[in-house]
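Trainee: Quick one, what's the 3D model for this:
(one chain, ligands or ions: 1)
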Amino acid sequence: MIVAIDGPAAAGKGTLAKNVAKHFNFAYLDTGSLYRAVGLTVLNQGGDPSDEKIATKVAEEFEVKDIFAIMNNPEIRNERAGSAASKVSVIPAVRKALFDFQRNFAENPILENGQKAKGSVLDGRDIGTVVCPDADVKLFVTASTEVRAKRRYLEQKEKGLDVTLEATIADMKIRDERDSSRSTAPLKPADDAVILDTSEMSIDEVFGIAVKMVEKNQ
Ligand code: DC
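Mentor: Residues are numbered from 1 along each chain as shown. Predicted structure coming up:
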């Protein structure tokens, strides 16, 4: 069973994907963490994430075997890593370098404790369209720009970061535009995806819908 959850930044897809994976004891892969880790590595080397040559080299040499350590690393969650991820993810050769790992994870899902799982949940931008077009369940989770920016703003305030709502909305618009307009694997729902607008839905409501969809396919 493969569950694909795509959508723009801060739409709630990560929380949903994690909760669904936990409920069914499926393996969870946050594919954004791969792009974030590549982006951050480029920055830490003093490079520019938009530099195709450098970003591709980092992605090709990237060790994804420690995926759980990567996903659990708080450093990849900050906006610096998010913005760098959005830049490296525009580069087709970077996407190509990360594709096989994602595909393999979906087909051979492994839990954090090393056990094999009966299914996988992958969240990202192009899971239902490119990485797993054959997924059993496809969800496209979205919300208005204002709602998503507000969620991200509150999250960052809680972490004690010095941010404004206006700047967060502006950043969100730039990131959405970059993710949606790139020529390779742009952010868009698969034709057979179920679209969930979470602007006025609670986490529990969205979770309930997703669980029913997975149960129907079991
Ligand atoms: O979901 P996220 O915010 O962690 O993703 C960070 C960036 O990575 C996002 O701006 C676009 C890119 N990304 C992608 O292009 N394809 C994916 N499957 C996941 C993330």
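Trainee: Torsion angles phi and psi at residue 126?
Mentor: The phi and psi values for residue 126, taken as degrees, to the nearest 10, are phi -130, psi 30.
Trainee: What is the burial count for it?
Mentor: Number of residues near residue 126 (other CB atoms under 10 Å) recorded here: 24. (C-beta placed from N, C-alpha, C; glycine too.)
Trainee: so what pLDDT did residue 156 get?
Mentor: pLDDT recorded at residue 156 is 86.
Trainee: Now for it: which residues touch it?
Mentor: 79, 163, 168 (CB atoms under 8 Å, 6 or more residues apart in numbering).
Trainee: What's the separation between the second one and residue 172?
Mentor: Distance of residue 163 to residue 172, given as CB to CB, to the nearest Å: 12 Å.
Trainee: cool, and residue 209?
Mentor: In terms of CB to CB, residue 209 sits 24 Å off from residue 172.
Trainee: neighbour count winner among those two?
Mentor: Higher neighbour count among residue 209 and residue 172: residue 172, with 21 against 14, using other CB under 10 Å.
Trainee: thinking again about what came up before, and of the contacts of residue 156, the nearest to residue 178?
Mentor: Set against residue 178, the nearest of the contacts of residue 156 by CB to CB is residue 79 (13.9 Å).
Trainee: From residue 12, how far off is the closest one?
Mentor: For residue 79 relative to residue 12 (CB to CB), the value is 18 Å.
Trainee: so how far is the helix or strand harbouring residue 147 off the chain centroid?
Mentor: In this assignment (DSSP states H and E), residue 147 forms part of helix 145-158. On the basis of CA atoms, centre = their mean, to the nearest Å, helix 145-158 sits 17 Å off its chain's mean C-alpha point.
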